[in-house]
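Colleague: how would this look folded up:
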Amino acid sequence: MTLVPSAQGGEPLRILMSAQGAARLHSRIKDVLGSLPHVLVSPGAGEGDIDADVAFISRDVTGLSTKHEILPATQRFYDAMLASKSLRWVHIHSAGADRPIFGLLRQRGVIVTTSSGANASVVAQTALAGILALGRQFPLLAEAQREHRWAPLIGTGLPRDLQGQTATIIGWGPIGQTIGRILLALGLKLIVIRQSAQSATAGAETVTFDAFQTVLPRTDWLILACPLTPATRSLVDATALSLLPSSAHLVNVARGEVVEEDALINALGEGRLAGAYLDVFAHEPLSQASLLWDMKNVIVTPHSAGFSDGNGERVTRMFLDNLLRWVHKETLANISS
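Modeller: Alright, predicted model coming up:
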């Protein structure tokens with residue numbers, strides 16, 4: 001199949017990416033594009049005004065920026081995308097595309113594709129680590145270790161067996177599916193909350209979002225692995241939390257805005273919820289004044305559930321695969337709506 005440039009008049013395909021990404025990927029991009037004229041451009045690289053056709057947001061572009069607090073280098077890249085009148089497609093390193101910049105681009109008709117699935121196994125492993133740590137009371141044991149205090153669990157109450165408990169997973173994408181498979185293997189009962197009532201997997205009960213609250217009274221582990229959408233924003237509110245047993249735990253590796261954070265803090269502080277593992281928050285970075293930092297029944301991590309040294313290569317392969325689809329005028333994978 002003949003490769004054709006997306007720009008008119010024989011102009012080269014202009015790909016906006018970080019200088020670090022361009023240095024790392026230029027030869028692999030050339031292998032994909034072959035004889036198709038192309039140029040890699042980066043904000044601040046001295047090319048003058050940038051008008052790119054395609055953009056690749058690798059992890060180094062966002063760096064330590066969050067969607068709430070954007071650092072200058074990230075903002076320069078965002079500004080370059082917004083100023084590119086010819087921009088038609090952006091590929092991002094993350095599984096979610098809920099940052100405001102992507103909404104602005106989609107409103108202009110720009111296609112946004114994600115790297116959904118690239119870090120699914122890593123996020124699932126992290127969520128499982130949170131479940132096991134809370135289930136085996138590691139926060140209490142870690143506190144005792146810091147105090148040099150010998151505190152066998154027999155003195156504080158024996159942990160419940162995980163086997164036979166019920167986990168409710170909200171979201172059945174690559175992350176939710178991986179978590180569910182592991183929990184079933186550990187002997188937990190599984191309830192899946194998804195848009196469709198069609199059975200999610202063998203051995204699991206499937207419930208739609210409309211019936212979400214009906215399963216909460218029999219949920220021991222409420223695990224959030226869903227994208228942030230109008231349907232999931234504030235889904236876990238004060239009412240939902242009040243329906244959970246006081247022995248239940250919350251695990252959030254989705255988005256902080258899925259949970260009403262103040263209601264969660266109240267439930268944890270008042271003993272109406274046994275504990276939580278939280279990797280995401282309503283505002284990031286989490287304020288130093290947040291009560292969540294010091295709660296003995298809470299594990300806090302800084303939106304790092306999906307980080308590993310293999311993710312960059314998986315994201316790169318997804319971008320290059322989509323780049324080949326783009327120049328072949330084929331449907332792109334992982335289009336975000």
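
Colleague: sec struct for L141, please.
Modeller: Three-state call for L141 (DSSP: H, G, I helix; E, B strand; the rest coil): helix.

Colleague: oops, could you answer that again for L190 instead?
Modeller: Per three-state DSSP, L190 ends up strand.

Colleague: isn't it right next to G180, touching?
Modeller: Yes: here L190 lies in contact with G180, judged by CB atoms under 8 Å, at a distance of 5.5 Å. Backbone N, C-alpha and C define where each C-beta goes, glycine included.

Colleague: any shared contact partners between those two?
Modeller: Common neighbours of L190 and G180, counting by CB atoms under 8 Å, 6 or more residues apart in numbering, are 167, 169, 201, 204.

Colleague: for the chain, just list every one of the helices.
Modeller: Using DSSP state H, the helices found in the chain span residues 19-33, 59-62, 72-83, 100-107, 120-135, 138-146, 174-185, 238-243, 261-269, 311-327.

Colleague: what's the closest of the ones you listed to H249?
Modeller: Closest approach to H249 among the helices of the chain (CB to CB): helix 120-135, 5.2 Å.

Colleague: ok, which stretches of the stretch 201-337 of the chain are strands?
Modeller: Applying DSSP state E, counting those that start in this stretch to the stretch 201-337 of the chain gives strands spanning 204-208, 221-224, 249-252, 275-278, 298-300.

Colleague: now V90, nearest residue through space, not along the chain?
Modeller: In space, and not counting its chain neighbours, V90 is closest to A55: 4.5 Å by CB to CB, 6 or more residues apart in numbering.

Colleague: doesn't S18 make contact with the one you found?
Modeller: No: in this structure A55 lies outside contact range of S18 using CB under 8 Å: 10.1 Å.

Colleague: now D237: how far from V251?
Modeller: Separation of D237 from V251 (CB to CB, to the nearest Å) stands at 17 Å.

Colleague: who's more crowded, the two?
Modeller: Just comparing D237 and V251: by other CB atoms under 10 Å the higher neighbour count belongs to V251, 26 against 14.

Colleague: who does that one bridge with?
Modeller: I223, Y277 (DSSP bridges).

Colleague: for K30, what are its contacts?
Modeller: K30 touches H38, counting by CB under 8 Å, 6+ apart.

Colleague: can you pull the domain assignment for this protein?
Modeller: 13-118+310-327, 120-300 (automatic domain parsing).

Colleague: got the CA positions of stretch 90-109 in CSV?
Modeller: Extracted as CSV, the C-alpha positions of stretch 90-109 are listed here (Å, rounded to 0.1, in the frame of the first residue of the first chain):
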residue,chain,number,x,y,z
VAL,A,90,-2.5,13.3,18.9
HIS,A,91,-1.3,10.1,20.6
ILE,A,92,-0.8,10.2,24.3
HIS,A,93,1.1,7.9,26.7
SER,A,94,-1.7,7.5,29.2
ALA,A,95,-4.8,5.2,29.2
GLY,A,96,-7.1,8.1,30.1
ALA,A,97,-7.6,11.3,28.0
ASP,A,98,-9.5,13.4,30.6
ARG,A,99,-7.0,16.3,30.8
PRO,A,100,-8.7,19.5,29.7
ILE,A,101,-6.2,20.0,26.8
PHE,A,102,-7.6,16.9,25.1
GLY,A,103,-11.2,18.1,25.4
LEU,A,104,-10.1,21.3,23.6
LEU,A,105,-8.4,19.4,20.8
ARG,A,106,-11.4,17.1,20.3
GLN,A,107,-13.7,20.1,20.0
ARG,A,108,-11.5,21.2,17.1
GLY,A,109,-11.9,17.8,15.4
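
Colleague: now do the contacts for A274.
Modeller: So A274 contacts 134, 246-249, 297 (CB under 8 Å, 6+ apart).

Colleague: go on, V236?
Modeller: Counting by CB under 8 Å, 6+ apart, the residues that V236 touches are 222, 224, 250, 258-260, 264.
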